[in-house]
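> need a structure here:
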Amino acid sequence: MTRAKTAQIILVGGGRMGSAFARSLEDSRVPFELVRARDPSWTIGARRRRARLLLLTVTDSAIASTAERVASEALVARGDSVVHCAGMRGPAELVAASSVGAWVGAMHPLVAVASAERPPSLRGLSASFEGDRGAFDSVCAMGARLGLSVFWLEGVDRPRYHAAAALCATGGVALAQAAAVLFRAAASSSTTTEDSSSRFASSLLASVAHNVGAVGAADALASPLLRGDTQAVSRHLEAMALHPPAAALYRAALAQVIASLDERGGVDSAVLARARALLDG
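Predicted structure coming up:
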């Protein structure tokens with residue numbers, strides 16, 4: 001059995017992402033120690049014989065100072081792994097831990113957590129990692145127990161990477177909000193509610209997530225354009241005239257869809273030309 005498989009897991013920090021890890025660790029019956037970093041007197045319990053995996057779910061601005069603290073107070077040592085979960089920050093934030101011989105890395109869960117009280121399970125989801133191989137082995141061992149897939153990355157352009165994550169996380173919510181407004185406006189107010197319209201949007205987004213994971217983003221499209229129906233697109237745009245934010249989102253999505261279909265082929269060029277004309281109009 002390798003060191004990574006027997007690491008003592010210590011979750012440092014509360015908040016929403018910390019709650020998601022705590023829930024999944026508990027659900028998977030993986031032993032861990034939770035340290036509330038907002039308490040200024042926080043510390044870590046006695047070291048066991050196993051190496052430690054410190055998973056920092058503190059705020060971005062507190063990553064470096066937390067690493068400095070665990071290093072200066074000898075809370076980590078050579079062979080331990082210290083990993084933070086911030087998408088906009090790289091492994092360099094953990095230089096203090098690295099200086100005492102710990103393996104370090106940035107593991108960013110591709111997970112949107114809106115509520116600390118009702119966090120999503122990590123099972124079946126993914127995370128990216130950049131950093132030392134030793135730390136990667138540690139988080140992969142933990143991920144295997146949680147059902148979280150961890151992917152190795154190198155030379156990450158953090159602003160671009162985080163923009164991609166935000167586009168899905170924030171953009172997905174924006175789409176759901178706009179769709180919910182349209183659902184409520186499309187039927188009698190006595191039959192559509194906040195709950196039902198949100199569930200409609202959730203149902204569609206869940207199926208989209210399945211398709212993207214099953215066949216890849218490039219092939220996950222379900223659109224009237226695939227059958228050459230630009231009239232449906234025209235009617236969509238007309239129906240959204242009274243909902244400018246939804247129309248703007250639809251147009252942005254349509255532009256991406258047209259570009260993707262044009263690049264991959266399979267749709268008649270005349271159909272794409274008519275779609276572009278609708279978009280320009």
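
> helix or strand for the residue nearest to residue 94 when sequence neighbours are not counted, which one?
The shortest distance from residue 94 to any residue other than its chain neighbours is 3.9 Å, reached at residue 104 (CB to CB, 6 or more residues apart in numbering). C-beta here means a position set from N, CA and C on the backbone, and glycine is covered the same way. Using DSSP states H and E, residue 104 sits within strand 103-109.

> if we can go back for a sec, which residues are in contact with the residue nearest to residue 94?
67, 81-83, 91, 94-95, 97-98, 131-132, 135 (CB atoms under 8 Å, 6 or more residues apart in numbering).

> what do you get for residue 86?
60, 63, 93, 106, 108.

> Please tell me how far the second one sits from residue 225.
Spelled out, it's residue 63. Noted for residue 63: a distance of 44 Å to residue 225, by CB to CB, to the nearest Å.

> With just CA atoms, put stretch 131-143 into CSV.
C-alpha atoms of stretch 131-143 as CSV (Å, rounded to 0.1, in the frame of the first residue of the first chain):
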residue,chain,number,x,y,z
GLY,A,131,1.7,20.8,-8.9
ASP,A,132,3.9,18.1,-7.5
ARG,A,133,3.4,14.4,-8.5
GLY,A,134,3.4,13.4,-4.8
ALA,A,135,0.5,15.7,-4.1
PHE,A,136,-1.2,14.5,-7.2
ASP,A,137,-1.0,10.9,-6.1
SER,A,138,-2.5,11.9,-2.7
VAL,A,139,-5.5,13.7,-4.1
CYS,A,140,-6.1,11.0,-6.7
ALA,A,141,-6.2,8.4,-3.9
MET,A,142,-8.7,10.6,-2.0
GLY,A,143,-10.6,11.2,-5.2
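
> any residues touching that stretch, and which ones?
Stretch 131-143 has contacts (CB under 8 Å, 6+ apart) with 2-5, 7, 9, 30, 51, 53, 55, 79, 81-83, 91, 94, 98, 103-107, 127, 129, 148-150, 152.

> Buried only: go through these for me.
The neighbour-count test (16 or more other CB atoms under 10 Å) marks 3-4, 7, 9, 51, 53, 55, 81-83, 91, 94, 98, 103-107, 127, 129, 148, 150 as buried among these.

> Which of those residues fall within helices?
Counting by DSSP state H, the part of those found in helices is residue 98.

> now the strands for the stretch 51-200 of the chain?
Per DSSP state E, counting those that start in this stretch, the stretch 51-200 of the chain carries strands over the ranges 52-56, 81-84, 103-109, 126-131, 149-152.
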